[in-house]
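A.B. asks: any chance you could fold what I've pasted below:
(one chain, ligands or ions: 1)
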Amino acid sequence: MAKIEALKGFSDMFASDAVMFTHIEAVAREVFSLFSYQELRTPILESTSLFARSIGEDTDVVGKEMYTFQDKGNRSVTLRPEATAGVIRAFVNSKMYVQGSVYKLFTTGPMFRYERPQKGRFRQFHQINCECLGADEPENDAEMIYMLHLFLNRLGIYDFVMQVNSLGCSSCRPVYREKLSTYLEGLDKEKLCTDCQRRMQTNPLRVLDCKVPTCAEYVNSAPKINEFLCADCSEHFDKVLLLLKSLGIEHTVNTKLVRGLDYYTRTAFEAVSTDIGSQSSIAGGGRYDGLVKQLGGGDVSGIGFACGMERLAMLANKVQESKPVFYLATLDAPAREKGFNIVQELRSHGIKGEYAYSERSVKSLMRQADKSQAEYALILGENEIRTDTIIAKNMATGEQKSLALSDLAEFLKNPPHES
Ligand code: HAM
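C.D. replies: Now for the predicted structure:
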């Protein structure tokens, strides 16, 4: 029968990749807990309206990339394309908010976007996502960027540029949007890509960070948002930049950084790798002070970021699964029977090891022991069964030692150091 392939843009993750993901999540938990973040797991499937209302109807994510379908009850549902909307929905539904408190939540898991797959871009990908709700001071923005920076460094990732920008607020952004629209109307539309010709009407700010080189060049002399920020937004952004400087975080102000999701206000940021090709954004985020209200909650400000785990895995220091401590080689049927129990008992002591499930020659067993990269080959034969002993062979030095079975677990837990 014909094989069934995984869907395009969806991948299986075997041990070598899965170990890396586990490592990245462990480092994330360690770093985020220093800042008192707590884990939240939200559903993968949500009402379509959640994303339309938060990310924005005119964004590429909602307009083109969502996995949306009718469920059996005829409801429109969507596989989450990002985590923020679901986190805020959960926060609002839980009624956990108490005036004046700050909530720090992180979440990890698969996200789905129907994009054209290429290196670093998938239809199912994974994010590590942090959200901080209830604080609107510039310190909060700088701390968020600092935490992301620390996390990347802890993974061994140093070659990236932290780009920052301010997207203004509901009072100053419309003024800028108007100015930008007027500027774009004055251009020869034919020189812009078809997406940008549409964006000019629906979401003109998105024209600024279009990845098509001709568009990028063509809008180079467009008015810049930082010249239109209101006094409050300007003061907020200046303070964020000052704090980043005082923390020693290298950063670049990119006035064309607008991000692809509509909920952002004020500070936006992106960690852009200099190493992994065109899909170079390893993390992105920003402030979204109106989102909680937009999703039916109170007037609670928020800021957050998400990292793409596949992209982190390409850049992080490599990790390997721990090696086994022992490989048991049994020389005859009675030894195999006894050996089975010894192996399980050693594992119950927390000692990692393997043995052959089927009968094999001594030569093949020793080859297997070598291949398993175990520290010790344990050899059990007729003589050892009779004397309740076992031979432990140090695979690195070749040195062999006969041990009482009762001492085996202790020996493997604290092996003697080479002199
Ligand atoms: P985003 O910029 O859409 O932001 O995605 C964040 C990160 O997810 C990107 O920087 C990238 O590393 C990764 N990513 C996105 N799409 C793909 C893909 N198709 N394949 C592989 N990796 C991908 C958000 O999702 C916001 N929710 C971030 C946020 C949290 N803002 C505030 N809080």
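
A.B. asks: state the mean pLDDT of the longest helix belonging to the chain.
C.D. replies: Longest helix in the chain, counting residues (DSSP state H): helix 15-34. Helix 15-34 carries an average pLDDT of 95.

A.B. asks: any idea how far the residue lying farthest from the centre of the chain lies from the ligand?
C.D. replies: No residue in the chain sits farther from the centre than residue 386, which is 54.4 Å out by C-alpha atoms, centre = their mean. Using C-beta to the nearest ligand atom, to the nearest Å, residue 386 is found at 60 Å from the ligand. Any C-beta I mention is one placed from the backbone N, CA and C, and that applies to glycine too.

A.B. asks: so what's that residue scoring on pLDDT?
C.D. replies: In this model, residue 386 carries a pLDDT of 96.

A.B. asks: what residues sit buried inside the helix or strand harbouring it?
C.D. replies: Following DSSP states H and E, one finds residue 386 within helix 382-387. Neighbour-count burial for helix 382-387 flags 384, 385 (criterion: 16 or more other C-beta atoms under 10 Å).

A.B. asks: if we can go back for a sec, who's in contact with the residue farthest from the centre of the chain?
C.D. replies: By C-beta atoms under 8 Å, 6 or more residues apart in numbering, the contact list for residue 386 is empty.

A.B. asks: measure it to residue 365 for me?
C.D. replies: 20 Å (C-beta to C-beta, to the nearest Å).

A.B. asks: one more: residue 35?
C.D. replies: 50 Å.

A.B. asks: these two: which has the busier surroundings?
C.D. replies: The neighbour comparison of residue 35 against residue 365 (other C-beta atoms under 10 Å) goes to residue 365, with 20 against 16.

A.B. asks: look up the closest residue to that one, ignoring the ones flanking it.
C.D. replies: residue 329 (3.8 Å; C-beta to C-beta, 6 or more residues apart in numbering).

A.B. asks: so what does the longest helix of the chain touch, helix or strand wise?
C.D. replies: strand 103-112, strand 124-133, helix 138-154, helix 309-315 (3 or more C-beta pairs under 8 Å, 6 or more residues apart in numbering; DSSP states H and E).

A.B. asks: ok, which stretches of the stretch 151-300 of the chain are strands?
C.D. replies: 160-166, 252-253, 265-273, 281-287 (DSSP state E, counting those that start in this stretch).

A.B. asks: TSV for these, including mean neighbour count and mean pLDDT?
C.D. replies: Formatted as TSV, the strands of the stretch 151-300 of the chain follow (neighbours: other C-beta atoms under 10 Å; pLDDT from 0 to 100):
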stretch	mean neighbour count	mean pLDDT
strand 160-166	22	97
strand 252-253	12	97
strand 265-273	23	97
strand 281-287	25	97
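
A.B. asks: can you pull the residues of this structure lying near the ligand?
C.D. replies: By C-beta under 6 Å from any ligand atom, the part of the chain that sits against the ligand consists of 82-84, 113, 115, 121-122, 125, 127, 129, 131, 260-261, 281-286, 304-308, 310-311.

A.B. asks: re earlier: next secondary structure after the helix holding residue 386?
C.D. replies: strand 389-394.

A.B. asks: who are the packing partners of that following strand?
C.D. replies: strand 376-380, helix 382-387, strand 400-404, helix 408-413.

A.B. asks: I'd like the average pLDDT over the last one.
C.D. replies: I take that to be helix 408-413. 96.

A.B. asks: can you check the first one too?
C.D. replies: Across strand 376-380, the average pLDDT comes to 96.

A.B. asks: do the same with stretch 345-363
C.D. replies: Summarised as a single mean, pLDDT over stretch 345-363 is 93.

A.B. asks: so how far does that stretch reach from one end to the other?
C.D. replies: Taking C-alpha to C-alpha, to the nearest Å, the first and last residues of stretch 345-363 lie 25 Å apart.

A.B. asks: next, the buried residues of that stretch.
C.D. replies: Quick answer for stretch 345-363 (16+ other C-beta under 10 Å): 346, 351, 353, 354, 355, 356.
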